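**Q** model this:
(2 chains, ligands or ions: 2)
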Amino acid sequence: MESMSIELEQNEIVPKTDEFAIETINLSKVFGKENQIRAVDNLNLQIRKGEVFGFVGPNGAGKTTTMKMLIGLLEPSEGSGKVAGFDIVREVINIRVTTGVLPEPAGFYDNLTARQNLRFYAKLYDIKPDVREKRIVNLLETVDLTRAIDQKTGGFSTGMRKRFGLAQALINEPSVLFLDEPTSGIDPLGAQMMRDLIKDLNRSKGVTVFLSSHSMEEVEDICDRIAIIARGKLLAVGSVEDLRDIVRAKEGVHYLLEFQDIPISEAAEAVNNVEGVQALEIQNGTLHVHAKMKLRPEIAKAVKTAGGTVSMFEEEEMNLQKLFLKIIEGV
Amino acid sequence: MNCDFEKALIIAKKEFADSFWSPIFLSLLGTLILAIFAVTYREILQTEFYSQIGEIPVPQSAVLEGFYNTSLMMAWFSPLIGISLSFDSIIKERKSASLNVLLTHPVFRDTIILGKMLGAVLLLMVVMLISSGISLGTIILLLGTKVSLMELNRIAVWFILTFLYALSFLSIGLVCSIFIREAKDSIVYNIVIWLTLSIMFTWILTFFRYSLEPIVSAGSLDITNSLAALSPMHHYAELSTGRASLGWGAGGERENISGILDIRFTLVQWLKEFWTNLIVLFIAPLILLIAAYLKFLREDISA
Ligand SMILES: Nc1ncnc2c1ncn2[C@@H]1O[C@H](COP(=O)(O)OP(=O)(O)OP(=O)(O)O)[C@@H](O)[C@H]1O
Ligand SMILES: [Mg+2]
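**A** Numbers count the residues shown, from 1 in each chain, chains lettered A, B, ... in the order given. Ligands and ions are numbered 1, 2, ... in the order given. Predicted structure coming up:
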């Protein structure tokens, strides 16, 4: 009887009502005999509940190491952190119960079927058999593996393995999901499916997602906010627009303009007089303007004063790929 | 420590089923069952034949006499069973990255290693039960006699001895599977260790025995004795059959008590004669299992 009541308690762990789903304070990890490798260096992150958070950085940046610390697989060398309100050192068991993880690399028991694998993982959470069996069927349906439910995972393709990995991470209905490179090694169609799944989970269940990826396109597509990390150090964090502002502040703004009612050279002269404009160039009837900061109204006004109208006024496209390269430049 | 026994049992169950259905294990088990049946059968017929024509005295316990050859075979076979249950148990989890996934669920390394040990040990016990059962079954079938309580007691002790002996090799396999990264390397190391402890060892020992015999000095005997003490086979052989060594090409000379199967002596007399062997057979697997456990936990820090 006593063990029953303990079980019930464990099953009913609700995430503490803290503001953030994930929070780190000066989180650091050093490796090596003489502590020469600072894999993660004073990381401060705050991830809100229900957010899809992207964690990007070059190989060896410290993404996996950070995730390992957050799920209690590695002890931090310095600093602290909380996941779902639980301390990442002292309350690891609670973190494990409230989170789901798709690690990289991820392997399963390939001599067992998808169903048997999930059953094994489910048992580790004391999920009741009837609930468990239903959940297994539902999860495999969610990740489109219904037809493979009684196939051995050993025969799965890379795409199927990734989707199965997502299913095993969801077996305990987690409130926070850690996905380490969830689409690496799978074809574009499979990757799109994975992204849709992640978005859907986030929307329908409100699951907070912390994912690392090398695909900027993917991160831009599904993440609300993004952190860029290199050599263990956090370089920038925010939405894509926030990152644009960061790059703008560092590198200035690049505009493309076309005009009517005014020769382009005259317009160029007018623009050149605007304070903050740093360089100009005319290419195939388009004026390229490099400004220190955002100067859209000022430039438009100057052209108008010179008697012309602006027929096209665009900012050079800055997708995450470009932003990422600019931000990690020289690190 | 966060060790959770219930979860260790879940892992043990899976490990048990995994090993049981592996082709290596099943083929070993099949061979073992056949061999035990054949060996027991032959032993019984031979004993009956020779005692009928008066070559040897009628054995005091025909049932236990039937176990002598099984013992001899177990001395060779059970290490392989032990090794087959553990040589890649951690390696395959690491290689396939299933350990990576398992560790993200609410289990910790101590629970995992404990579960793996439990699973393997339970399966070993089942194998030993099957083997003893086959041996005993064949004997009863052929002799048509009843087994006395005393004989059953002796068989039970014999069972424990054989189990402990095989457990030593299971533990060696487990240690290897934690230290070594490739399954094929691990199996080679295990076989080399097993061969060294059985064949090579008895070669060396017999060489010492016979080359030093003419000048029987206390020193030379000490050397052979202390060398023999390194081999689990030596201890098992003495405890079960009273032979100093069962190795390939070894003399296999019997001590005055022919081990646990010899009912001319009481259990106490047996214990007095062989208590050191018994201690070694208990301690060796224990130390190895603890070493495996600690090493597996320590990897937490580096990886
Ligand atoms: N167990 C370890 N021992 C020593 N160094 C380690 C260990 N784990 C990671 N490192 C080092 O820490 C750094 C960060 O590694 P990490 O795996 O976190 O990078 P990552 O951002 O996940 O890279 P990738 O994009 O290649 O997956 C690397 O320099 C790596 O060599
Ligand atoms: Mg990584």
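**Q** which stretches of chain A aren't confidently modelled?
**A** A:1-18 (pLDDT under 70).
**Q** can you give me the helices in it?
**A** Counting by DSSP state H, one finds helices in chain A at the ranges A:2-11, A:63-70, A:92-98, A:114-123, A:129-142, A:158-169, A:188-205, A:216-222, A:240-251, A:264-272, A:296-305, A:320-328.
**Q** cool, and chain B?
**A** Counting by DSSP H, the helices of chain B are B:5-20, B:23-52, B:62-84, B:89-95, B:98-102, B:109-143, B:149-179, B:183-195, B:201-212, B:218-228, B:232-241, B:267-302.
**Q** in the shortest one, what counts as buried?
**A** What that stands for is helix B:98-102. Applying a neighbour-count criterion of 16 or more other Cβ atoms under 10 Å in any protein chain shown, one finds B:98-102 buried in helix B:98-102. Just so you know, the C-beta spots here come from the backbone N, C-alpha and C atoms, and that holds for glycine as well.
**Q** now it: average pLDDT?
**A** For helix B:98-102, mean pLDDT is 96.
**Q** is any residue of it near chain A?
**A** Yes - Helix B:98-102 comes into contact with chain A (Cβ under 8 Å from any Cβ of the partner chain), by way of B:98-101.
**Q** before we move on, back to that, with respect to A:Asn26, which of the helices of chain A lies nearest?
**A** helix A:63-70 (12.0 Å; Cβ to Cβ).
**Q** contacting residues around that closest one?
**A** Contacts to helix A:63-70, defined as Cβ atoms under 8 Å, 6 or more residues apart in numbering or on different chains, come from residues A:22, A:24, A:27, A:29, A:39-40, A:43, A:55-57, A:74-76, A:81, A:83, A:88, A:95, A:101, A:103-104, A:178, A:180, A:210, A:212, A:229, A:232.
**Q** could you do stretch A:246-256 as well?
**A** For stretch A:246-256, the external contacting residues (Cβ under 8 Å, 6+ apart) are A:236, A:238, A:278, A:286-296, A:299, A:312-316, A:318, A:323, A:326-327.
**Q** same thing with stretch A:318-331?
**A** Contacts of stretch A:318-331 (Cβ under 8 Å, 6+ apart): A:56-58, A:216-217, A:219-220, A:226, A:228, A:230-231, A:233, A:235-236, A:240, A:243-244, A:246-247, A:250-251.
**Q** so A:Val176 sits against A:Phe210, correct?
**A** Yes - at 6.9 Å, A:Val176 and A:Phe210 qualify as touching, with contact defined as Cβ atoms under 8 Å.
**Q** and the closest residue to B:Ile44 other than its chain neighbours, how close does it get to A:Ile127?
**A** Leaving aside its chain neighbours, B:Ile44 sits nearest to B:Leu142 (4.7 Å; criterion: Cβ to Cβ, 6 or more residues apart in numbering or on different chains). Note on B:Leu142: its distance to A:Ile127, by Cβ to Cβ, to the nearest Å, is 52 Å.
**Q** higher neighbour count, these two?
**A** A:Ile127 (19 against 16; other Cβ atoms under 10 Å in any protein chain shown).
**Q** tell me how far that one lies from A:Phe120.
**A** Distance from A:Ile127 to A:Phe120, by Cβ to Cβ: 11 Å.
**Q** coming back round to it: among the contacts of stretch A:246-256, which ones are buried?
**A** With neighbours counted by 16+ other Cβ under 10 Å, the contacts of stretch A:246-256 contain buried members at A:236, A:287, A:289, A:291, A:294-295, A:299, A:313, A:318, A:323, A:326-327.
**Q** most widely separated two among those residues?
**A** It's A:Ala236 and A:Leu287 that sit farthest apart of those, by Cβ to Cβ, at 29.9 Å.
**Q** count of residues packed around residue 196?
**A** In the absence of a named chain, this looks at chain A. 12.
**Q** wrong chain, I was asking about chain B
**A** 13.
**Q** do the same with B:Phe163
**A** B:Phe163 has 23 neighbours, counted by other Cβ under 10 Å.
**Q** quick one: the nearest residue to it once chain neighbours are set aside and A:Pro58, what's the gap?
**A** Spatial nearest neighbour of B:Phe163, chain neighbours left out: B:Met128 (4.8 Å); criterion: Cβ to Cβ, 6+ apart. In this view, B:Met128 and A:Pro58 are 55 Å apart by Cβ to Cβ.
**Q** with neighbour numbers in mind, choose between the two.
**A** More neighbours surround B:Met128 than the other of B:Met128 and A:Pro58, with 23 against 15 (other Cβ under 10 Å).
**Q** wait, that one sits on B:Phe159?
**A** Yes - between B:Met128 and B:Phe159 a contact is recorded at 6.1 Å, counting by Cβ under 8 Å.
**Q** centre-most residue in the chain?
**A** I'll assume chain A. Central residue of chain A (Cα atoms, centre = their mean): A:Gly54, 1.1 Å from the mean position.
**Q** domain parsing for chain A?
**A** What the record gives for chain A is the domain set A:10-238, A:251-328, from automatic domain parsing.
**Q** which strand residues bridge A:Ala279?
**A** A:His290 (DSSP bridges).
**Q** nope, A:Phe86 is what I meant
**A** Beta bridges link A:Phe86 to A:Val83 when assigned by DSSP bridges.
**Q** so it is in contact with A:Asn94, correct?
**A** Yes - with contact defined as Cβ under 8 Å, A:Phe86 counts as touching A:Asn94 (4.4 Å).
**Q** between those two, who's got more neighbours?
**A** Between A:Phe86 and A:Asn94, counted using other Cβ under 10 Å, the more crowded position is A:Phe86 (23 against 20).
**Q** chain B contacts on the stretch 1-150 of chain A?
**A** By Cβ under 8 Å from any Cβ, the part of the stretch 1-150 of chain A that sits against chain B consists of A:71, A:73, A:75, A:92-93, A:96-97, A:100-101, A:103, A:105-111, A:120-121, A:123-125.
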